[in-house]
Structure formats: C-alpha cells, structure tokens
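>>> What follows is a protein structure lacking sequence information:
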C-alpha cells in the first residue's frame, strides 16, 4: 500500500460570523485554521478517529505543523466550503484543505495540517500505529 488514502474527504459549509472579521471587514487570517479544523474534525469523525475507540483511549493526535495560503479575503456573511482530504498517513497524517466561496466558486485559501500520533503519556510515536492506519486505509 502506498500510504495514501485520497478517497477520504469531508466538506463543511460555513458562514463568516461577525466576530471573525477585523475592523477592515475581512476575516482575520488566524480564523482560517479554525475553519480547517471544522472540516478535519468531520473527516476524522467519519473515520472513527475523533475520540473514538482508538483515539482518546489509546492514542492522541497533535497538530505538529500547519500552513495556509490566502488568495483572497472572506468577508462577513459570506458562505464558503472547506474541503479536507487525506494525504500521507504512514509517519504523519497530512490533511489538505481548500476553502471556496460558495457564490462565485472561487478558491479563497488552501493549506495543510500535519498530525503526529502520541501515546497517552504524550510521547511521540514515529510511525502511525496500525490501529489508526486500519481506519485511515478502509
């Protein structure tokens, strides 16, 4: 197996709330990671990895890296979708994101988060455990 699970994806549709915009009326850049998190949570829940029988009872996931490329700003009230897809899964779990404005369909931002697996004592595991891989590869 190649270590990829491209068939797994999740999409959420959101609307920019007033409390996410700055005085210029655009979404503050840090909120894009929050939007990524909504799609990533849906993706992992769909795989049974959100505090399910594996994560939370035997392992923890931690974001070790994140990046976001901003292409154009979102503004208060705009509806947008966030799509999360799995990338590499063997040593880290990479999740790729695309944020598109609903009305125009234009790409607003894209990015990635890299997750690492920890044991329950917080020690880094240098390979994604088999119990987690089984869920990611189904």
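Nice, thanks for sending it over. Note that the structure is predicted; figures quoted are calculated from it, not measured.

>>> switch to C-alpha atoms for all contacts and neighbour counts from now on
Will do.

>>> Once you drop chain neighbours, what's closest to the most centrally placed residue in the chain?
By CA atoms, centre = their mean, the mean C-alpha position of the chain lies nearest to residue 40, the distance being 3.2 Å. Nearest non-adjacent residue to residue 40, counting by CA to CA, 6 or more residues apart in numbering: residue 84, 5.9 Å away.

>>> The residue nearest to the centre of the chain is in contact with residue 33, isn't it?
No: counting by CA atoms under 8 Å, residue 40 stays clear of residue 33, with 10.2 Å between them.

>>> phi, psi of the residue nearest to the centre of the chain?
When read as degrees, to the nearest 10, the backbone of residue 40 gives phi -60, psi -40.

>>> follow-up on the earlier one: am I right that the residue nearest to residue 40 falls within a helix?
No: counting by DSSP: H, G, I helix; E, B strand; the rest coil, residue 84 is not found in a helix; it is strand.

>>> tell me which residues form a beta bridge with residue 112?
The partner list for residue 112 in beta bridges (DSSP bridges) reads residue 67, residue 96.

>>> Show me which parts of the lowest-mean-pLDDT helix or strand in the chain are buried, residue by residue.
When the helices and strands of the chain are scored by mean pLDDT, DSSP states H and E, helix 130-137 comes last with a mean of 90. Under the neighbour-count criterion of 16 or more other CA atoms under 10 Å, helix 130-137 has 132, 133, 136 buried.
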